[in-house]
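**Q** Below are the sequence and a predicted model; questions follow.
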Amino acid sequence: MAENADLLALLAEMKKSMEKGQEEMRKGQAEMKDRMEKGQVEMKDRMEKGQEEMRKGREEMKNQIQSHVESKVGEIKDHVNSCIEKIEEDVQSVKREIGEVKGEVERKIEEVKDKVQGKIEEVEEKVQGKIEEVEDKVQGKIEEVKEKVQVKIGDLEKRLSELEDRPINFPSNPDLMYSRPTIKSLTFDGQTSWTVFKTQFDVVSSANGWNNRVKASQLVASLRGSAAEVLQGIPSDKLTNLTIIENVLEARFGDSHLTQFYRTELKTRRQKPGESLQALAADVKRLMSLAYAECPMDVQESLAVQFFVDAIRDEDTQLRTRLMDFTDLKSALAYSMKCETSKIASKVSMHARTIRIEDNAGKRKDEKFESLLGALEKFLEILAVGKKSAPRRNPNVTCWRCYKRGHVQLECPSDSAPRRNPNVTCWICYKKGHVQRECPSDNASRRNPNATCWKCNKKGHLQNECQQITSINHHKETRHGSDKALSRRSFVESYEHD
């Protein structure tokens, strides 16, 4: 029990101490709370003061920035205004320069227009003159043809009147009755077109009034060369049958089996270089008559226009003629010739413009050429200076004076030394290395008055210098026509010259 009482007492003391601790804690918390409230109030006051100071600083900074920005904006405005004024001045100067250039260009254009107009007028005058010349020639040819036709018609009328007045004394057999031919019969050798010949033959036979029997006889008589050889395949009793003869000739020389060939040639026909449009149209018309002879004339004209336009060489003329959609060849030819004439006139104007451009290009080329020429002259001067300062020498070159390698004759250090060929032979001592006039033995003999000649036994010279022997030998050789002395002299002189 005592122990329990102690425990209870101890618990009571502990409880009291705990209550005291709790009371102290409450007091500490209250004090802490008061301090915190005071600190918060102080912190709040400080924060408000700091915020107020910050607002004042921001206002001051804002004012400073605004004043700085305004000053900078003013400076920028002044700079921009000055730049704008300069730009306006530059624009005005550019406008003035553009006006000057425009005036110069307009003046040049007027000059070119005047030149082109003059060229066009000259071309028109030349073309008009050529047209008038052609018209005069054509008119003269027409007059000549008219006169010839009138003469032929007069002759035909005269012959017809003579035939009408002449009595007929022939038998009344209708097969043998035929009028006298008034037009000369043609000949066919197989080299020309059978279709053309047959057409001409039909016209002549119709004008002469031949019947079929006479036509057969005249046709047989008109055959020549390879065409006459066809008659060998016809029986003699059929030579008066016009149909058989024409069929045989048609099979041999006709164009009916060449229709496809002519059509292909017509499709592939193109204008040749230098070929005129008139010649092209005539050839197209000829091929049309051979390739589409069975077609009506309007169809032939339409096809001829199409093939003619396809054959035109110039693309511009071809396109413009095709767009006109002509139905006859004559109109297409006339229009294409107009296009060609206008193109020639435009080429003249383009040529004038090209000349002006080439003049400017020529000036620029001349300037470039002058600059290149100056650079080349400077380069040559540098090379000349380099050659003077350091001459180029070939180590293998040989001097023709001292016969040593490494330099040429003009740069020979032994320039004063005599030119000696090491292989030359002296005609006095017969030794190599010197010539006669440089012979040391010769000089010694001349210096020695006691030298004796072995030929004439006289002193003062040697045997090879003896004048008596030399004159005698020379006299003998020249007297007998020998050329040894001359050849020897030339040989020695040549060596002495070397």
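**A** In hand now; what should we look at? Numbering: from 1, shown residues only.
**Q** tell me what the longest helix along the chain is packed against?
**A** Determined from DSSP state H, the single longest helix within the chain is helix 2-165. In terms of contacts (3 or more C-beta pairs under 8 Å, 6 or more residues apart in numbering; DSSP states H and E), helix 2-165 is packed against helix 329-389. (C-beta placed from N, C-alpha, C; glycine too.)
**Q** For residue 282, report the pLDDT, please.
**A** pLDDT for residue 282: 92.
**Q** How about the one 3 residues further on?
**A** The predicted local confidence for residue 285 comes out at a pLDDT of 89.
**Q** Tell me, how many residues neighbour it?
**A** Residue 285 has 17 neighbours, counted by other C-beta atoms under 10 Å.
**Q** Is it within a helix or a strand, and which one?
**A** Residue 285 is part of helix 277-291 when elements are defined by DSSP states H and E.
**Q** how far is that helix from where the chain is centred?
**A** With C-alpha atoms, centre = their mean, to the nearest Å as the basis, helix 277-291 stands 34 Å off its chain's centre.
**Q** just checking, next helix/strand downstream of that helix?
**A** Elements were assigned by DSSP H and E; along the chain past helix 277-291, the next helix or strand is helix 297-311.
**Q** Could you give the average pLDDT over that following helix?
**A** Regarding helix 297-311, the rounded mean pLDDT is 91.
**Q** now what about it, what contacts it?
**A** By C-beta atoms under 8 Å, 6 or more residues apart in numbering, the residues outside helix 297-311 that reach it are 266-267, 269-271, 280-281, 284-285, 287-289, 292, 295, 318, 321-322, 326-329, 332-333, 336.
**Q** Just name the shakiest helix or strand of this structure by mean pLDDT.
**A** Here the helix or strand of the chain ranked lowest by mean pLDDT, DSSP states H and E is helix 484-497, holding a mean of 42.
**Q** tilt between the helix or strand following the longest helix of the chain and helix 2-165?
**A** Heading C-terminal from helix 2-165, the first helix or strand you meet, by DSSP H and E, is helix 194-208. Angle, helix 194-208 to helix 2-165, by axes from the mean of the first three to the mean of the last three C-alpha atoms, to 10 degrees: 30 degrees.
**Q** by contact count, what packs against helix 194-208?
**A** Packing contacts for helix 194-208, counted by 3+ C-beta pairs under 8 Å, 6+ apart, involve helix 212-221, helix 242-253.
**Q** Of those helices, which is nearest residue 189?
**A** Of all the helices and strands packed on helix 194-208, helix 242-253 sits nearest to residue 189, with 9.9 Å by C-beta to C-beta.
**Q** for the closest one, what is the average pLDDT?
**A** Averaging pLDDT along helix 242-253 yields 83.
**Q** Pull out the buried residues from that helix.
**A** For helix 242-253, a neighbour-count test (16 or more other C-beta atoms under 10 Å) marks 242, 245, 246, 248, 249, 253 as buried.
**Q** And the contacts of the helix or strand just after it?
**A** Next along the chain after helix 242-253, taking DSSP H and E as the criterion, comes helix 259-267. Helix 259-267 is contacted from outside by 255, 284, 287, 288, 290, 291, 292, 293, 307, 310, using C-beta under 8 Å, 6+ apart.
**Q** buried ones in helix 259-267?
**A** 262, 263, 266.
**Q** And for stretch 211-218?
**A** Buried, per 16+ other C-beta under 10 Å, within stretch 211-218: 214, 215, 216, 217, 218.
**Q** Can I get the residues you listed in CSV including distance to residue 135?
**A** Formatted as CSV, these follow (distance: C-beta to C-beta, whole Å):
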residue, distance to residue 135
214, 44
215, 42
216, 46
217, 46
218, 41
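**Q** could you dump those residues to a markdown table with pLDDT and distance to residue 116?
**A** Formatted as a markdown table, the buried residues of stretch 211-218 follow (pLDDT from 0 to 100; distance: C-beta to C-beta, whole Å):
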| residue | pLDDT | distance to residue 116 |
| --- | --- | --- |
| 214 | 88 | 68 |
| 215 | 86 | 65 |
| 216 | 86 | 68 |
| 217 | 86 | 69 |
| 218 | 86 | 64 |
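**Q** quick one: which of the residues you listed is nearest to residue 118?
**A** If you rank the buried residues of stretch 211-218 by distance to residue 118 using C-beta to C-beta, residue 218 comes first, at 63.9 Å.
**Q** Settle this for me: residue 344 is touching residue 126, isn't it.
**A** No: when contacts are counted by C-beta atoms under 8 Å, residue 344 is not listed as touching residue 126 (10.4 Å).
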